[in-house]
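Chemist: Predicted coordinates and the sequence they were generated for:
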Amino acid sequence: MSTDWKSYKPLLVPAIPDLHEIKVYEKNGGYKALKKILSDKKKWNPANVINEVKTANIRGRGGAGFNAGLKWSFMPEPDGKPRYLACNGDESEPGTFKDRKIFEFNPHQFIEGAIIAAYAMQIEVIYVYIRGEYRPFVQKLQKAIDQAYDNGYLGKKIQGSDFSVEMYTHMGAGAYICGEESSLMESLEGKRGYPRVKPPFPAQRGLWGRPTTINNIETLANVPLVINNGAEWYLSIGPSTHPGPVLYGISGHVNRPGVYEYPAGMNIMTLINEVAGGVRGGKKLKALIPGGSSTPPLRADMLDGVSMDSDSLRQAGSMMGTAGMVVLDEDTDMVEVIWRISYFYDHESCGQCTPCREGTGWLQKTLRKIMEGNGEMRDLDILLAICHGMEGRTICALADAAAWPVRYSIERFRDEFEKKCKKTVYAVA
Amino acid sequence: MAETYTFDAKDLAEIKKLIEKYPEKQAAVLPVLWYAQDKFGHSDPSVQKLVSETLDVPEAHIRGVVSFYTQYYEKPIGRNVLDVCTCLSCHVSGGYDMLHYLEERLGIKAGETTPDGEFSLQSVECLGACGYAPMLQVTNDKFVNHLTREKIDKLLEDLRAGKEPEFESNPMPQHQKES
Ligand SMILES: Cc1cc2nc3c(=O)[nH]c(=O)nc-3n(C[C@H](O)[C@H](O)[C@H](O)COP(=O)(O)O)c2cc1C
Ligand code: SF4
C-alpha cells in the first residue's frame, strides 16, 4: 500500500498555513465531526460513536498499538460521579518527536478528537499531560484550548447541546516514566511518578480512583477523520490490520530527517531512501531502530520488504512502537549505541522493582565495560542473564523496554560485541 | 543562609486558579512548583516549604516530588541552564561533541556552574527533537536545534547579553515542498 505515497495528502497535519488558528481550522472543515455528532445525537449516541471508532481500528499511537474504540468500550456505565480522559503528550521515548507537530501545527484536530472521545465515554473532564520539556508547545496548545472555549467547543453546553466538558493542560517536569499510563496518573495527582500495579486497570480505577481512559495525542487526532469519513474509508488507508495515517519521525543518519505523514504500512526502505533522502554522506545502512528506543534494532539485511505496521514488523523481529525511526549508518558503533540506550533506561527507571532498578544499572555498567575495551566474553552471557531476570518480572514495561534492545542487539550484532570482548583478551595476553 | 520566600496576593490568585483545575489540592503540586520555580529560579528546601504551606501538603511529599523530576532545581543554579541532549539520536549526531565544546568554552564540566553564576551545563536525556540533532534546551524553555560550534558561540554571546533564543519552528518537510 505504499505505491501512491507520492500523491498522499496529509490528514493529521495538513499543509495549510495557520491551521492552528481556530478560524482557519473551521474553514477547512474543522469541528465538523463534533457538530455532526451533536446535531444528531440519536444516530450518534455514545455507543454508536464508540462502535464506529472501534470498527475503524485506530491502533494506539503511543506505542502499544491497542484499538482505541475497543479501549473506550472498557469504560463502565456512568454512575453520576466523575470520570476522566487523560491525553498522553509525554512523548519521551527516545527517537519520538511527533505529537509536538500536532501541538504546533494542528492542535484543534486533537482537541476535537478528545472532545468526541469524552462524549463517547460520557466524560466531563479531560487532562492533557505534556512533558515539562515541551513548555513552548504547552503554551501553543493552551492558546488553542482557549480559542476552543471562546468558540463554544469546550465548557458548558457545547454548541448549545446539553453536553459539557472541560479541558486542562498539566505539565510534567522531566521523567520518561510518566508516559507510562499509570505513572502519568500518579503524576497528575501530584506525586512521584511510580507506576501502579495492574489490575485494576485505569477504566476500573484511574485518576482519583475513578474510571479513566488514557490515549496518545496522535491517536485522538485520528478520531475526527473517522467520524467525518466513516470507518470504512479509514480502513482503506494502509493495511486494515493497522490502518490510517501515521506520523513517522525519522532521525539519525539520513539526509532529510524530520516528521513525515504517510499511510501506515509504508515500506521501510522507501521511507529511508526516498522520503528521508537516503543515508547521509552516501554511506551504507547498518541498522534501523523502527519505533523508538525500546523497539529491537533490525540489521539492514533484515529490512527487505518490511513495512511500518505491527504485523510486518513483528515478523521481522521488532515492533511499531511510536514510529520514531532511528537510522544508523555503517560507521555506527552498535555497542556504543546500545550502551547509550541502556544508560537512558538506567536513568529513567523509577526504582520500585528490584529487577528493573538493579538490572538497568548492571546492563549499563556491563555495556560500558565492553565499550571501553575491558569486556570479556562471559559479559555477553551476563548481559543476557540480566535481561532474563528483568523481562516480565516488573510492575510496568520499562524493564522490558530496557532489556529488549540489549538482548536483540547481542543476537543481531554479535560479532561486533565479540570483537570488543576478545580484543581485551589479546591485549592482556 | 536559608532565605525565606513568599507568595504575594497576585501569586496566590494565580495559584488558586491552578488548584481549581483538580478535584484535590495535592494535584496542584507540580504546577505550583513550576510557578514557584519560575518566580524564584529554583526549588530549594525553602521554596519547597513555601509550596508545602501554600497547598497544605507535607513538606516531605514536596521534597519527594522535587527530587523525582529532573526539571526542578533542588538548589540555586546558573542564570542560564544549558541542557544538552546526548541521548540516542543526538548521541549518533554529535551530541557529546557539542557538550564537550560547551565544557571547553565555559571552562566547566557537565553538572557544574560557572563561577560568575551565568551558566550551568547539564547532559540530559531525550528532549523530543530527534530530527533536529544535535540540540540543547535553554533553562527549561526554548530548544536550540542543529547545533554547530558557531551556533553555540552565538548563543553564549546572546545569553550573556540577556537575549533569550527565539522559538525555532521545525516544519514538516512535506509542507515545505508543497508551499
Ligand atoms: C515506560 C513507558 C513509557 C511510555 N511513554 C509513553 C509516552 O511518552 N507517550 C505515550 O503516548 N504513551 C507512552 N507509553 C504508553 C502508555 O502507557 C499508553 O499505552 C498509551 O499512552 C495509550 O495510548 P494509545 O492507546 O492511544 O497509544 C509508555 C509506556 C511505557 C511502558
Ligand atoms: S519496571 Fe522499572 S520503571 Fe516500571 S515500575 Fe518497576 S522499577 Fe519502575
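Modeler: Everything's here; your move. Ligands and ions are numbered 1, 2, ... in the order given.

Chemist: contacting residues for the residue nearest the centre of chain B?
Modeler: Central residue of chain B (Cα atoms, centre = their mean): B:Asn140, 2.3 Å from the mean position. Neighbour list for B:Asn140: A:Gly132, A:Glu133, A:Arg135, B:Gln71, B:Val81, B:Asp83 [criterion: Cβ atoms under 8 Å, 6 or more residues apart in numbering or on different chains]. Where you see a C-beta, it was placed from the backbone N, CA and C, and this is true even at glycine.

Chemist: mind checking the SS state of it?
Modeler: Judged by DSSP: H, G, I helix; E, B strand; the rest coil, the three-state class of B:Asn140 is coil.

Chemist: With A:Arg131 as the reference, measure out to it.
Modeler: Per Cβ to Cβ, to the nearest Å, B:Asn140 is found 11 Å from A:Arg131.

Chemist: in which helix or strand would I find B:Leu50?
Modeler: Secondary-structure element containing B:Leu50, defined by DSSP states H and E: helix B:45-55.

Chemist: Cross-check B:Lys21 against the secondary structure; I expect a helix.
Modeler: No. Assignment of B:Lys21 by three-state DSSP gives coil, placing it outside any helix.

Chemist: Count the residues that sit near it.
Modeler: 16 (other Cβ atoms under 10 Å in any protein chain shown).

Chemist: before we move on, could you check phi and psi at it?
Modeler: Dihedral angles of B:Lys21 (phi, psi; degrees, to the nearest 10) stand at phi -70, psi -20.

Chemist: what's the closest non-adjacent residue to it?
Modeler: Of all residues not flanking B:Lys21 in the chain, A:Tyr168 sits nearest, at 4.4 Å (Cβ to Cβ, 6 or more residues apart in numbering or on different chains).

Chemist: Over to A:Gly230?
Modeler: Leaving out its chain neighbours, the residue that sits closest to A:Gly230 by Cβ to Cβ, 6+ apart is A:Glu52, at 7.4 Å.

Chemist: Could you grab the helix/strand/coil label for that neighbour?
Modeler: Quick answer, by three-state DSSP: A:Glu52 is helix.

Chemist: Please apply the same query to B:Ile108.
Modeler: Taking three-state DSSP, the label given to B:Ile108 is coil.

Chemist: Could you dump the contacts of B:Asn140 into CSV with neighbour count, distance to ligand 2 and secondary structure added?
Modeler: Formatted as CSV, these follow (neighbours: other Cβ atoms under 10 Å in any protein chain shown; distance: Cβ to the nearest ligand atom, whole Å; DSSP: H, G, I helix; E, B strand; the rest coil):
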residue, neighbour count, distance to ligand 2, secondary structure
A:Gly132, 20, 18, helix
A:Glu133, 29, 19, helix
A:Arg135, 20, 24, helix
B:Gln71, 25, 18, coil
B:Val81, 21, 26, strand
B:Asp83, 24, 22, strand
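
Chemist: ok, longest helix in chain A?
Modeler: Longest helix of chain A, by residue count under DSSP state H: helix A:354-371.

Chemist: Next, the contact list for whichever residue of chain B sits closest to ligand 2, please.
Modeler: With Cβ to the nearest ligand atom, the shortest gap between chain B and ligand 2 falls at B:Phe68, namely 11.4 Å. Taking Cβ under 8 Å, 6+ apart, we find B:Phe68 in contact with A:Ala175, A:Arg192, A:Gly193, A:Cys350.

Chemist: Closest one of the residues you listed to chain B?
Modeler: A:Arg192 (4.0 Å; Cβ to the nearest Cβ).

Chemist: Identify the residue spatially nearest to the closest one, adjacent ones excluded.
Modeler: Here the residue nearest A:Arg192, using Cβ to Cβ, 6+ apart, is B:Phe68, at 4.0 Å.

Chemist: Got the confidence number for the one you found?
Modeler: B:Phe68 is assigned a pLDDT of 98 by the prediction.

Chemist: My guess is A:Pro296 contacts A:Pro405. True?
Modeler: Yes. With contact defined as Cβ atoms under 8 Å, A:Pro296 counts as touching A:Pro405 (6.2 Å).

Chemist: and for the two, which residues touch both?
Modeler: Joint contacts of A:Pro296 and A:Pro405 (Cβ under 8 Å, 6+ apart) do not exist.

Chemist: which one is A:Gly60 nearest to, not counting chain neighbours?
Modeler: A:Gly60's closest residue in space is A:Phe66 (Cβ to Cβ, 6+ apart), at 4.5 Å.

Chemist: And for that neighbour, the neighbour number?
Modeler: Using other Cβ under 10 Å, A:Phe66 has 14 neighbouring residues.

Chemist: just A:Thr241 next, same as before
Modeler: Using other Cβ under 10 Å, A:Thr241 has 14 other residues around it.

Chemist: ditto for A:Ile250
Modeler: For A:Ile250, the neighbour count with other Cβ under 10 Å is 27.

Chemist: and it, backbone torsions?
Modeler: phi -110, psi 120.

Chemist: With B:Gly131 as the reference, measure out to it.
Modeler: Applying Cβ to Cβ to A:Ile250 and B:Gly131 gives a distance of 7 Å.

Chemist: would you say B:Tyr72 is within a strand?
Modeler: No. Checked against three-state DSSP, B:Tyr72 lies outside a strand; its state is coil.

Chemist: can you map out the helices along the stretch 101-250 of chain A?
Modeler: A:107-120, A:135-150, A:181-188, A:217-221, A:223-229, A:231-235 (DSSP state H, counting those that start in this stretch).

Chemist: ditto for chain B
Modeler: Along chain B, counting by DSSP H, helices occupy B:9-19, B:29-40, B:45-55, B:59-68, B:88-91, B:95-106, B:149-160, B:173-178.

Chemist: Strands along chain A, start to end?
Modeler: Secondary structure of chain A, counting by DSSP state E: strands at A:84-89, A:125-130, A:166-171, A:212-216, A:245-252, A:258-263, A:285-289, A:298-299, A:324-329.

Chemist: Same list, those, but as TSV with mean pLDDT and distance to A:Thr366 please.
Modeler: Formatted as TSV, these follow (pLDDT from 0 to 100; distance: least, Cβ to Cβ, whole Å):
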stretch	mean pLDDT	distance to A:Thr366
strand A:84-89	98	32
strand A:125-130	98	34
strand A:166-171	98	36
strand A:212-216	98	33
strand A:245-252	98	25
strand A:258-263	98	35
strand A:285-289	98	20
strand A:298-299	98	22
strand A:324-329	98	21
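
Chemist: now those strands in a markdown table, with distance to ligand 2?
Modeler: Formatted as a markdown table, those follow (distance: least, Cβ to the nearest ligand atom, whole Å):
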| stretch | distance to ligand 2 |
| --- | --- |
| strand A:84-89 | 16 |
| strand A:125-130 | 17 |
| strand A:166-171 | 20 |
| strand A:212-216 | 16 |
| strand A:245-252 | 23 |
| strand A:258-263 | 27 |
| strand A:285-289 | 20 |
| strand A:298-299 | 25 |
| strand A:324-329 | 20 |
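
Chemist: Redo these as JSON lines? Include distance to A:Lys422.
Modeler: As requested, these are arranged in JSON lines below (distance: least, Cβ to Cβ, whole Å):
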{"stretch": "strand A:84-89", "distance to A:Lys422": "44"}
{"stretch": "strand A:125-130", "distance to A:Lys422": "47"}
{"stretch": "strand A:166-171", "distance to A:Lys422": "49"}
{"stretch": "strand A:212-216", "distance to A:Lys422": "44"}
{"stretch": "strand A:245-252", "distance to A:Lys422": "28"}
{"stretch": "strand A:258-263", "distance to A:Lys422": "40"}
{"stretch": "strand A:285-289", "distance to A:Lys422": "21"}
{"stretch": "strand A:298-299", "distance to A:Lys422": "21"}
{"stretch": "strand A:324-329", "distance to A:Lys422": "23"}
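
Chemist: so which of those strands gets nearest A:Gly62?
Modeler: Closest to A:Gly62 of the strands of chain A, according to Cβ to Cβ: strand A:212-216, at 3.3 Å.
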